[in-house]
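Engineer: coordinates for the following, if possible.
(chains A and B)
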Amino acid sequence: MQRSSIAFFWITAFLSVVFVAIQFVRPELDNPPVTADLQAPPQVKQILRTSCYNCHSNETRLSWFDEPVPAYWMVARDVREAREHLNFSKIGKLPAGQQRAALFESVSQIELGAMPLPAYKRVHPESEITPEQLAVLKKYLSLATPSEATGAPEASAADLQYEKWMQTGSSTPEVAAAPNGIAFMPDYKNWRAISSTERFDNHTMREILGNDVAVKAIAENHINPWPDGTSFAKVAWYQQPDDKGVVRTGAFFQVEFMVRDSKKYAGTLGWGWARWRGADLQPYGKDKNFTSECVGCHNPLRNTNYVFTEPIRGQQ
Amino acid sequence: MKPATKALYVLCIFFALSMLGCSSDGPKVSAEINHSASLAGELVEALPRNPLQWKVITSEINQTDSTMSTMYGNDVAVECARTHSQHDYPAGAVLSLVTWTQWEDPRWFGARIPANVKSVEFVAIRTGPDGRPWYSYEKYEGTPLKKLSNQEGLNPNERAADLLSQRAAVMP
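Structural biologist: Model prediction:
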């Protein structure tokens, strides 16, 4: 044998041994019992089963080519993470509104090309959601959404909130900081509006406001990435139809912020996240990890610096 | 190619393949200004003021017309709207309602966002000749925006009265 063939033999042999050896390093990936499976029409369920259940349920079925390490390592990690974010085998335990919100979010993640995970789609082309399937999901959700918000405060409660605010209006109450240390910014209400949204998934309406840095960035078209110092506030109210059928801002629901600092907040997509709920402005989140929720949903927008809003121009 | 090199290549390709999980496709959106809904350039040349430079008072949605509006005010108006539940606007106050047609948010299933500017309305309060408040109402429509109607008097017209009666959205 030539010397190079001998080298080839030994290298291949070595790799084979390594390959076989690492097969024994297998993080556990079992299927815990299905406790509260998603309730949906069979057509809808079938789509999610085919495309999502391998990661987002307790009914994971790996293909033969997912089994060998290191592919297995990646799949196991994805499944563990996916189940933490959204588990269709347990979703039935959540209140109806939260279940619906998860499905609306699912449709958006599919439309943005974020789900199923692109790498997974490449090796499992059958998991790709077709436009027809997407239409089925959207139609189901549109019909399954009640015409009125559940849990929205009564008009009288909104009135009370308004009267109270009229009295305290200009004096800002003491507000606790968000669990990640971001302080409340009472001046948000004086920022400029850069867009608004009507949300028919949860019957709220929102104004998106931007500080001076944001407004300048819009005027100069420097919005990708947004400059450090940019801050957005998104204010949400419950919808409250009046007697002429016009929907007005009802009770204040929450205000949330994104604060751009590419260095300080490098760990959370370059943005600081914070949210305060209710007219008494209770900080949202048990601990500083609440931001993983924000990051998870904004993450597919990496082409727009993680910002959903397409800003309107004219503030300057 | 020497077999040893070949083996190395195989190794590299193998690892490259297993790294697929780390690369990711870009989503199907790009960072852009919402030009059609903007109040800028030629569109607004006829406007006396650009309400987008003002603060927000409240907003509304007309589901029959599929439009959405935001009400803005100059500083005098905003100060009054946020502290007086009677919103008895003093002279110098100007309100403006900008109305947009809507479309579905391409980035979020479940949301509608401004599409095109449909109209811009102004209600201004001045001190009239005899010291009483004097109300003027103006409405602009079209591309570019052109003044469609203009009414003034000791009493606000019906539309102006409606706008003046809207209470501010709670912003604690």
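Engineer: burial count for residue A:183?
Structural biologist: 10 (other C-beta atoms under 10 Å in any protein chain shown). To be clear about C-beta, it is placed using only N, CA and C from the backbone, and glycine gets the same treatment.
Engineer: tell me the pLDDT at it?
Structural biologist: If you check residue A:183, the pLDDT there is 97.
Engineer: residue B:116 too?
Structural biologist: The model's pLDDT for residue B:116 equals 98.
Engineer: how much space between it and residue A:45?
Structural biologist: For residue B:116, the distance to residue A:45 equals 39 Å [C-beta to C-beta, to the nearest Å].
Engineer: for residue A:279, same thing?
Structural biologist: Residue A:279 is 40 Å from residue A:45, by C-beta to C-beta.
Engineer: likewise for residue A:15?
Structural biologist: 43 Å.
Engineer: repeat for residue A:3
Structural biologist: For residue A:3, the distance to residue A:45 - C-beta to C-beta - is 61 Å.
Engineer: now swap in residue B:57 and tell me
Structural biologist: 46 Å.
Engineer: next: residue B:50.
Structural biologist: Applying C-beta to C-beta, the value for residue B:50 to residue A:45 is 51 Å.
Engineer: repeat that for residue A:24.
Structural biologist: As judged by C-beta to C-beta, residue A:24 and residue A:45 stand 37 Å apart.
Engineer: looking at those two, which has the bigger crowd around it?
Structural biologist: The residue with more neighbours, out of residue A:24 and residue A:45, is residue A:45; 16 against 7, by other C-beta under 10 Å.
Engineer: sheet partners, orientation included, of the longest strand along chain B?
Structural biologist: Counting residues, the longest strand found in chain B (DSSP state E) is strand B:111-127. Sheet pairing of strand B:111-127 (DSSP bridges) gives strand A:192-199 (antiparallel), strand B:94-104 (antiparallel), strand B:133-141 (antiparallel).
Engineer: buried ones in that strand, by neighbour count?
Structural biologist: B:111-125 (16 or more other C-beta atoms under 10 Å in any protein chain shown).
Engineer: could I get the full set of strands for the stretch 201-316 of chain A?
Structural biologist: A:204-210, A:231-241, A:246-260, A:271-277, A:282-283 (DSSP state E, counting those that start in this stretch).
Engineer: point out the most buried one among these.
Structural biologist: Ranked by mean neighbour count, the strands of the stretch 201-316 of chain A are led by strand A:204-210 with a mean of 24 (mean count of other C-beta atoms under 10 Å in any protein chain shown).
Engineer: neighbours of residue 102, just the number please.
Structural biologist: By default, I'm working from chain A. 17.
Engineer: um, chain B though
Structural biologist: Residue B:102: 23 surrounding residues under other C-beta under 10 Å.
Engineer: same deal with the one 3 residues further on?
Structural biologist: The number of residues packed around residue B:105, counting by other C-beta under 10 Å, is 19.
Engineer: in this structure it contacts residue B:113, no?
Structural biologist: Yes. Between residue B:105 and residue B:113 there is a contact under C-beta atoms under 8 Å: 4.7 Å.
Engineer: shared neighbours, these two?
Structural biologist: residue A:197 (C-beta atoms under 8 Å, 6 or more residues apart in numbering or on different chains).
Engineer: how far does stretch A:207-216 sit from its chain's centre?
Structural biologist: 22 Å (C-alpha atoms, centre = their mean, to the nearest Å).
Engineer: what about that stretch, start to end distance?
Structural biologist: 18 Å (C-alpha to C-alpha, to the nearest Å).
Engineer: residues contacting whatever residue of the stretch 151-300 of chain A ends up closest to chain B?
Structural biologist: Residue of the stretch 151-300 of chain A nearest chain B, by C-beta to the nearest C-beta: residue A:201 (3.0 Å). Counting by C-beta under 8 Å, 6+ apart, residue A:201 touches A:100, A:101, A:104, A:141, A:145, B:109, B:110, B:111.
Engineer: which of those fall within strands?
Structural biologist: residue B:111.
Engineer: least confident pick among the contacts of residue A:201?
Structural biologist: Where pLDDT dips furthest among the contacts of residue A:201: residue A:145, at 84.
Engineer: which SSE is residue A:107 in?
Structural biologist: Residue A:107 is part of helix A:96-111, with elements assigned from DSSP states H and E.
Engineer: list the contacts of that helix.
Structural biologist: Residues contacting helix A:96-111 (C-beta under 8 Å, 6+ apart): A:38, A:48, A:52, A:86, A:91-92, A:94, A:115, A:129, A:134, A:137-138, A:141, A:144-145, A:150-151, A:201-202, A:297, A:300, B:28, B:106-110.
Engineer: let me have the strands of the stretch 201-316 of chain A in TSV, extended by mean pLDDT and distance to chain B.
Structural biologist: Output for the strands of the stretch 201-316 of chain A, formatted as TSV (pLDDT from 0 to 100; distance: least, C-beta to the nearest C-beta, whole Å):
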stretch	mean pLDDT	distance to chain B
strand A:204-210	97	6
strand A:231-241	97	6
strand A:246-260	97	4
strand A:271-277	98	9
strand A:282-283	98	11
